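Novice: here is a sequence together with a model predicted from it:
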Amino acid sequence: MLPAILSADRCSLLGGADRYAISVLWELDKTNYEVLKVWFGRTIIRSTYKIFYEAAQALLDGDRNVVDIPELKGLEEKEKCRRLNDLIWAVEKLTEIARRTRTKRSLEGGLELEGIEIRVQLDEKKNISDLVPKQPLEVHETVAECMIMANHWVAKKITENLPHQGLLRCHPPPRQESFAALVECAKAKRFKIDTRSNKALADSLDMAEDPDDPLVNKVLRSMATQAMSNALYFSTGSCSEDLFYHYGLALDKYTHFTSPIRRYADIVVHRLLMAALLKDKKLEPENPLLSQKDLEELCHHINKKNRAAQRVQKQSVELFQCMYFKDKDSTSDERCVADGIIYSIRANGVLVYVPKYGIKAAAFLKNKEGLVITAQPDGSCEWKPGSLRRLRDKIISTTAGGESITFSLFEHVTVRISEYSSRSHPDSIKLDIINNQPRTKTGTEPTQGTSHTSKTDLVRDVIRSAEEAQLAQKHAKRTLIRDEDREYCQTQGNSLYSLLEEIKEMALQDVSVG
């Protein structure tokens, strides 16, 4: 995390405080919200309110008893009611605009995919107390849509004035063979997935709804997400304009502009935008822009680091999942038993998704001793000698005595979750099917809605940014920021900056012997 002086103060939109910014302003048609005029430039922003996403969502849902708005405290009831009405109108209007722009993108092929994101809850002793799937709010999607809109228009402005020196972000169309598992899996429910274009894929996923099991659509969207190619940063001078297209967002031009304190690419884009605006005035930037070769190398480096960060994020989630189950007795602890849905068939088992913990792992139907799984009349499973027979959408386990049990795609089973340790490999999650019937839901398990929610990278970024901001605010309350630290934007004590300074000093030490 950035030092508190930046993350919790200088770069945070505090209520009633002036903050420097580079802004994109639109004038919209009041009936259809089409863009009539756009303006780019340096601004000073003073936020009237600082509200958390949960409070904004409560206002959007009609809850007027929101207490997490400090700017409304201490006001007379009449003035408080007036300002609250204005705030509710603003939140509702912004959400309405976001819905309209999102619908327009969806009609042009924008995808709403499904990702797995887990929130790790810690107790007072900093031990992992629970793993909870993150539930994005509609206001998260509202902010994400505004970010998409700003990124899109900035990309258009940069390529208009700097056609060969821009830094954009493209999303190449996936290879058709990457969709093979998704298409075959959907056939088990007699759904047809058309992958010829992003529009065809989006329409197919919208139609692949099972009214009796909303998890089916979530699994299919998750598989579509896995089939996607990686989005990449690139220099506009390195390829033709027909390769600028962003497949997932259905936009002809796109970049990253809205998070300069979280991504270096956004800082570069800010500089490019200011250079593009100077060109409108027939002026040159004070500092020369990167050459095409340097920009290409920079994009390659950022892409490499971005892929590494994604791998680390995935591995950290798996690590926390293992840490949660490591000290639990899977044979007696009810938290180790959960409902799962089969989403893939293998030669010796199935792949199962456990929505309660966001786990995807293999469940073997044949063990190392050669025994296969079978079920009792009550659904409970045990191991007996036998064989497995794999078909396209199911696998049949048959015992030596002639008893058989079938596990099909999208079938719900009850699994026992445990942590598996190995000397030669990282710890991993182990699933055992203990009953071929669905697990009866308890009050602690998440309920699955009847419709999917958008979990694009932008929505996840918004959620993650909100969590980082809250952590920074908590850290800032514990850290006294001195006047000289505020002036020079430094943080005393434990911080990323002080750590890097210590490493720098260590690198300069003379470690020679004699």
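Specialist: Noted; the coordinates are in hand. Numbering: from 1, shown residues only.
Novice: ok, the closest residue to L243 other than its chain neighbours - contacts?
Specialist: Once flanking residues are discounted, L243 sits nearest to C170: 6.4 Å by Cβ to Cβ, 6 or more residues apart in numbering. From N, CA and C alone the C-beta is placed, and that goes for glycine too. Residues in contact with C170, defined by Cβ atoms under 8 Å, 6 or more residues apart in numbering, are A231, L232, F234, L243, F244, Y245, H246, Y254.
Novice: C170 belongs to a helix?
Specialist: No. Assessed with DSSP: H, G, I helix; E, B strand; the rest coil, C170 is strand; it does not lie in a helix.
Novice: which residues does it bridge with?
Specialist: Taking DSSP bridges as the rule, C170 bridges to L232.
Novice: tell me the pLDDT at it?
Specialist: On pLDDT, C170 comes in at 97.
Novice: the one 3 residues further on too?
Specialist: At P173 the predicted local distance difference test score is 95.
Novice: quick one: it and R196 touch, right?
Specialist: No. Counting by Cβ atoms under 8 Å, P173 sits too far from R196 to count as a contact (9.9 Å).
Novice: of those two, who's got more company?
Specialist: P173 (16 against 10; other Cβ atoms under 10 Å).
Novice: state the distance from that one to E108.
Specialist: According to Cβ to Cβ, to the nearest Å, P173 stands 15 Å off from E108.
Novice: which strands and helices sit next to the helix or strand harbouring K104?
Specialist: Here K104 sits within helix 77-107, counting by DSSP states H and E. Judged by 3 or more Cβ pairs under 8 Å, 6 or more residues apart in numbering; DSSP states H and E, helix 77-107 is in contact with helix 53-60, helix 138-161.
Novice: please point out which parts of it sit buried.
Specialist: Within helix 77-107, the residues scored as buried using 16 or more other Cβ atoms under 10 Å are 83-84, 87-88, 91, 94-95, 97-98, 101-102, 105-106.
Novice: go ahead and confirm V132 touches E117.
Specialist: No. Assessed by Cβ under 8 Å, V132 is found out of contact with E117, at 10.1 Å.
Novice: what is the neighbour count of the residue nearest to L391 when sequence neighbours are not counted?
Specialist: Distance criterion Cβ to Cβ, 6+ apart; nearest residue to L391, sequence neighbours excluded, is I345 at 7.6 Å. I345: 21 surrounding residues under other Cβ under 10 Å.
Novice: can you pull the contacts of I345?
Specialist: The contact partners of I345, taken as Cβ under 8 Å, 6+ apart, are L351, R390, L391, R392, D393, K394, I395, F407, L409.
Novice: tell me how far the spatially closest residue to Q292 that is not a sequence neighbour lies from E296.
Specialist: Computed as Cβ to Cβ, 6+ apart, the closest residue to Q292 that is not its neighbour in sequence is G237, at 4.2 Å. Here the criterion is Cβ to Cβ. By it, G237 lies 8 Å from E296.
Novice: can you tell me how far V120 sits from S235?
Specialist: As judged by Cβ to Cβ, V120 and S235 stand 38 Å apart.
Novice: the closest residue to N198 other than its chain neighbours: neighbouring residues, count only.
Specialist: Counting by Cβ to Cβ, 6+ apart, N198 lies nearest to G109, which is 3.8 Å off, once chain neighbours are set aside. When counting by other Cβ under 10 Å, one arrives at 19 neighbours for G109.
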